[in-house]
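[1] take this sequence and fold it.
(chains A and B)
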Amino acid sequence: MELIKIATAGSVDDGKSTLIGRLLYETGSLKTDQIQHIEEKSTARGFGYLDLSLATDGLLTEREQGITIDVSHIFFSTPKRRFIIADSPGHVEYTRNMVTGTSNAQASIILIDARKGVIEQTKRHFFITQLLGIKQIIFAVNKMDLVDYNEAIFNEIKSALLILTEKHGKEGVNYYFTPVSALHNENIIDASEKLHWHKGAPLLSLIESLPIETNKAHDGAFQIQYVIRPKREELHDYRGFAGNVRSGSFTVGDPINIHPTGRKSIIKRIEKYGNPVDKITAGENGTILLVDEIDASRGDSILNQQANINKGKSLSATFCWMQDSPLAVGNKYWLQQGVQRSLVKVKSLRSKIDLQALEHQQTNQLELNDIGKGALALAQPIISKSYADNPALGAFILIDPQTFNTAGVGFIEKA
Amino acid sequence: MSILKQLEEESIYIIREVAGQFNNPCLLFSGGKDSITLLHLAQKAFAPASIPFPLVHIDTGHNFPETIALRDKLVAEHDLRLIIGSVQDDINAGNVIEEKGKHASRNSLQTTTLLNTIESYKFDACMGGARRDEEKARAKERVFSVRDDFGQWNEKLQRPELFDMLNGMIQNGENVRVFPISNWTELDVWDYIRQEKLEIPTIYYAHEREVFLRDNQWMPVSKYVQVEDNDKRQVTSVRFRTVGDMSCTAAVLSEATALDDIIEEIGGSKFSERGARMDDRRSEAAMEERKKVGYF
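    Sure thing, here's the model as predicted:
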């Protein structure tokens, strides 16, 4: 069975929680005590139906306000697939949560209220999916019951979405447009008679069959997380570089070099958890042993000698800012790419994106939830690629050197 | 890659990040199936070396003896370092006051002992076996969850976690709770225990035990639970789905004496795992409230 992570986004009151609750309920993922809880609450609130949004609205603060404030991870499965839904809230002020939720997703569902059509939030959500390079996007037009399941209204919304995707969509993205009523379970699990005019598959079948993308970059890059040196006599000379293959693959006998020292060596042995293996590929962990006694430590990288990877001390990126104190020229941060870190200084800021008009405008700082472009100078060289070419080496976080909070995220642009 | 393999890779990556980023981490070990899984993952992560951090058991003093027996066996077999934080010691020292009455439990008292242990050993990261599918407040938990000087979790100030990049930089006095098996489900843990042939406390398997029915839950009779005269005691075949304290963990009626039977039973269960934890049933937001004051 496969696992797919899907990010959901929508605005306040467009029924996102109800949609997720519906998927959980209909796939049998809610247990009796959870359903009981929903029944009791629904009755207490005077609803004549099951308020399935209660299945996901987690925290006390949220329940008091009837909103979702943080990324929530929701699990369900069908015989075909395992799903992890990263449910991000739709408020303007919580854009950072949407970027966070979407960063680990392979697909995105953007909800639209059939009565309201494409609004600013829709554009913002779509823009973020494109920034993160999401290749599978479902526009789910919800609350079709409130517009009498009217085909013309759906088509009008679809046309508006097509204009948006044409103008701001990246290459190679698949779009799916689907009308639903989460409240009345129309076109969620089964094809809907009320939406008989819609030719596509119901939402559940759709997400069961979405293609799952993998990182296709060939550059062999392995980041060292920890050096294993057993304190046992018989393993006295053992020096294993434990880490994770960011992209490409490594095979026993491969010639490699170490970043940043540039030292060359050959892979003597690869282990997975104490046992020898021939090869490790992108996304996998491993422990690499080299033929030479070479010094390397956490944060260093083992690179395939043929790999075409940037090792510079400057880079241009698109940033999404996630903390109150702004990103400004001259500020210093810790940059973390995978497990490597370097101090950086903001060299320049070119522009920020007006998320209403989706246009670039000049700026000298980025505030919380702003997205903009700029350049960094690095204290130490890091290995990198553009986010478009190799997502595993193309994204980084910036850490505030005073509070140590994760202050923002950056996506490296092509040099 | 199978889902189980994918989850194992993710968890080991996280555990290695903990060893790489922190000076003095530890693994919170309750002896339950989740922490046994976590311990096994940690052993894999650093093979052929032994794990570079100690186990910490916050001992309520009301544990099932079977759990303690297995804990001690694992520690001896794998040459592990075990640190015990004792709730009883904190009660004796007057740091906490024992709850009274028939619903008394030492569950919430654990928080004080946990925080004291973290402080006295100066742990900067504590790994735990919590999973996002367990409970609503857990679903919002980060993999690296920063706690302030008071051990508090503030859901509004959580650091965003992007891609697989884990930010463990902290201020003096802060510490991080780490949840390497966040994305596992209850069933994944069981499947993994079967695949890796892990030993778990015998109370997870069906056995004859004296129980009584309270609030629709089968509570084990023990000296730690106040059984009232009108509570009907009976001996029947039960097993436990989670292993908390004897005072707050209810049993389920079961004939499942083998792992395959347990897995089949859980796959078809109508009740959620934490439904059998009286500590969660106290109020709708029981877990969230406990997390805010420093619970696991």
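
[2] can you map out the strands along chain B?
    Remark: strands assigned in chain B by DSSP state E are B:25-28, B:55-59, B:82-86, B:125-127, B:144-147, B:175-178, B:207-214, B:217-220, B:233-240, B:251-253.

[3] between those, which one is nearest to chain A?
    Of all these, strand B:144-147 sits nearest to chain A, with 8.4 Å by CB to the nearest CB. The way it works is simple: take the backbone N, C-alpha and C, and place the C-beta from them, glycine included.

[4] sorry, back to before: and the strands of chain B as CSV, adding mean pLDDT?
    Output for the strands of chain B, formatted as CSV (pLDDT from 0 to 100):
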stretch, mean pLDDT
strand B:25-28, 98
strand B:55-59, 95
strand B:82-86, 94
strand B:125-127, 97
strand B:144-147, 91
strand B:175-178, 94
strand B:207-214, 92
strand B:217-220, 89
strand B:233-240, 93
strand B:251-253, 91
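
[5] got those as CSV, with mean neighbour count and distance to residue A:246 columns?
    Output for the strands of chain B, formatted as CSV (neighbours: other CB atoms under 10 Å in any protein chain shown; distance: least, CB to CB, whole Å):
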stretch, mean neighbour count, distance to residue A:246
strand B:25-28, 24, 24
strand B:55-59, 24, 31
strand B:82-86, 17, 35
strand B:125-127, 26, 23
strand B:144-147, 23, 19
strand B:175-178, 25, 21
strand B:207-214, 16, 48
strand B:217-220, 20, 48
strand B:233-240, 16, 42
strand B:251-253, 17, 44
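
[6] now those strands in TSV, with distance to chain A?
    Output for these, formatted as TSV (distance: least, CB to the nearest CB, whole Å):
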stretch	distance to chain A
strand B:25-28	12
strand B:55-59	18
strand B:82-86	18
strand B:125-127	14
strand B:144-147	8
strand B:175-178	11
strand B:207-214	16
strand B:217-220	11
strand B:233-240	17
strand B:251-253	12
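
[7] how about the ones you listed in JSON lines, adding distance to residue A:290?
    Converted to JSON lines, these look like this (distance: least, CB to CB, whole Å):
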{"stretch": "strand B:25-28", "distance to residue A:290": "27"}
{"stretch": "strand B:55-59", "distance to residue A:290": "32"}
{"stretch": "strand B:82-86", "distance to residue A:290": "35"}
{"stretch": "strand B:125-127", "distance to residue A:290": "29"}
{"stretch": "strand B:144-147", "distance to residue A:290": "30"}
{"stretch": "strand B:175-178", "distance to residue A:290": "30"}
{"stretch": "strand B:207-214", "distance to residue A:290": "52"}
{"stretch": "strand B:217-220", "distance to residue A:290": "55"}
{"stretch": "strand B:233-240", "distance to residue A:290": "48"}
{"stretch": "strand B:251-253", "distance to residue A:290": "52"}
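
[8] give me the residue at the spatial middle of chain A.
    The residue lying closest to the centre of chain A (CA atoms, centre = their mean) is residue A:103, at 1.5 Å.

[9] ok, it to residue A:19 distance?
    For residue A:103, the distance to residue A:19 equals 21 Å [CB to CB, to the nearest Å].

[10] which helix runs longest in chain A?
    helix A:151-168 (DSSP state H).

[11] so which bits of the next helix or strand after it are buried?
    Next in sequence after helix A:151-168, counting helices and strands by DSSP states H and E, comes strand A:174-179. Within strand A:174-179, the residues that count as buried by 16 or more other CB atoms under 10 Å in any protein chain shown are A:176, A:177, A:178, A:179.

[12] what do you get for stretch A:340-356?
    By neighbour count on 16+ other CB under 10 Å, the buried set for stretch A:340-356 is A:340, A:341, A:342, A:344, A:346, A:349, A:351, A:352, A:353, A:355.

[13] and residue A:75, what pLDDT?
    Note on residue A:75: pLDDT of 87.

[14] first vs last residue of stretch A:289-307, how far apart are they?
    Criterion CA to CA, to the nearest Å; first-to-last residue distance in stretch A:289-307 is 19 Å.

[15] let me see the contact set for residue A:165.
    Taking CB atoms under 8 Å, 6 or more residues apart in numbering or on different chains as the criterion, residue A:165 is in contact with A:126, A:173, A:175.

[16] grab the nearest non-local neighbour of whatever residue of the stretch 101-250 of chain A ends up closest to chain B.
    Nearest residue of the stretch 101-250 of chain A to chain B (CB to the nearest CB) works out as residue A:230 at 3.8 Å. Among residues not flanking residue A:230 along the chain, residue B:49 sits closest, at 3.8 Å (CB to CB, 6 or more residues apart in numbering or on different chains).

[17] verify the contact between the one you found and residue A:226 for me.
    No: using CB atoms under 8 Å, residue B:49 makes no contact with residue A:226, being 9.7 Å away.

[18] the more surrounded of the two?
    residue A:226 (24 against 20; other CB atoms under 10 Å in any protein chain shown).

[19] what sits against the more buried one?
    Listed by CB under 8 Å, 6+ apart, the contact set of residue A:226 reads A:242, A:243, A:298, B:16, B:19, B:20, B:46.

[20] what number of residues lie near the residue lying closest to the third one once chain neighbours are set aside?
    This means residue A:298. Of all residues not flanking residue A:298 in the chain, residue B:20 sits nearest, at 4.8 Å (CB to CB, 6+ apart). Residue B:20 has 20 neighbours, counted by other CB under 10 Å.

[21] can you check residue A:127 too?
    The local packing of residue A:127 (other CB under 10 Å) involves 18 other residues.

[22] what's the closest non-adjacent residue to the closest residue to chain B within the stretch 251-400 of chain A?
    Taking CB to the nearest CB, chain B has its nearest neighbour within the stretch 251-400 of chain A at residue A:274, 3.2 Å off. In space, and not counting its chain neighbours, residue A:274 is closest to residue B:47: 3.2 Å by CB to CB, 6+ apart.

[23] what pLDDT does that neighbour get?
    At residue B:47, pLDDT is 95.

[24] quick one: it from residue B:78, how far?
    Distance from residue B:47 to residue B:78, by CB to CB: 11 Å.

[25] and these two? which has more neighbours close in?
    Ranked by neighbour count (other CB under 10 Å), residue B:47 and residue B:78 place residue B:47 first, with 19 against 13.

[26] residue ranges of the strands in the stretch 1-150 of chain A, please?
    For the stretch 1-150 of chain A, strands defined by DSSP state E, counting those that start in this stretch occupy the ranges A:2-9, A:72-77, A:81-87, A:107-113, A:136-142.

[27] picking that back up, between the buried residues of stretch A:340-356, which has the least confident prediction?
    Least confident entry in these, by pLDDT: residue A:355, with 77.

[28] point out where the stretch 151-296 of chain B drops to low pLDDT.
    Along the stretch 151-296 of chain B, segments meeting pLDDT under 70 span B:155-157, B:268-296.

[29] one more: the stretch 101-250 of chain A?
    Applying pLDDT under 70 to the stretch 101-250 of chain A picks out no residues at all.

[30] quick one: name the residues of it near chain B.
    Contacts of the stretch 101-250 of chain A with chain B, taken as CB under 8 Å from any CB of the partner chain, map to A:103-104, A:225-226, A:228-232, A:235, A:238, A:242-244.

[31] so which of the residues you listed is the most crowded?
    Result: residue A:243 is most packed of those (other CB under 10 Å), 28 neighbours.

[32] so which residues of chain B form helices?
    Along chain B, counting by DSSP H, helices occupy B:3-21, B:33-46, B:65-77, B:87-92, B:110-121, B:186-195, B:259-267, B:278-281, B:286-292.

[33] doesn't residue A:242 fall inside a strand?
    Yes: Residue A:242: assigned to a strand according to DSSP: H, G, I helix; E, B strand; the rest coil.

[34] map the structural domains onto the sequence of chain B.
    B:3-191+B:285-292, B:192-281 (automatic domain parsing).

[35] neighbours around the closest residue to residue A:2 other than its chain neighbours, how many?
    Distances taken as CB to CB, 6+ apart put residue A:81 closest to residue A:2, at 5.4 Å, once the chain neighbours are dropped. If you count neighbours by other CB under 10 Å, residue A:81 ends up with 18.

[36] right, I'll call it a day here.
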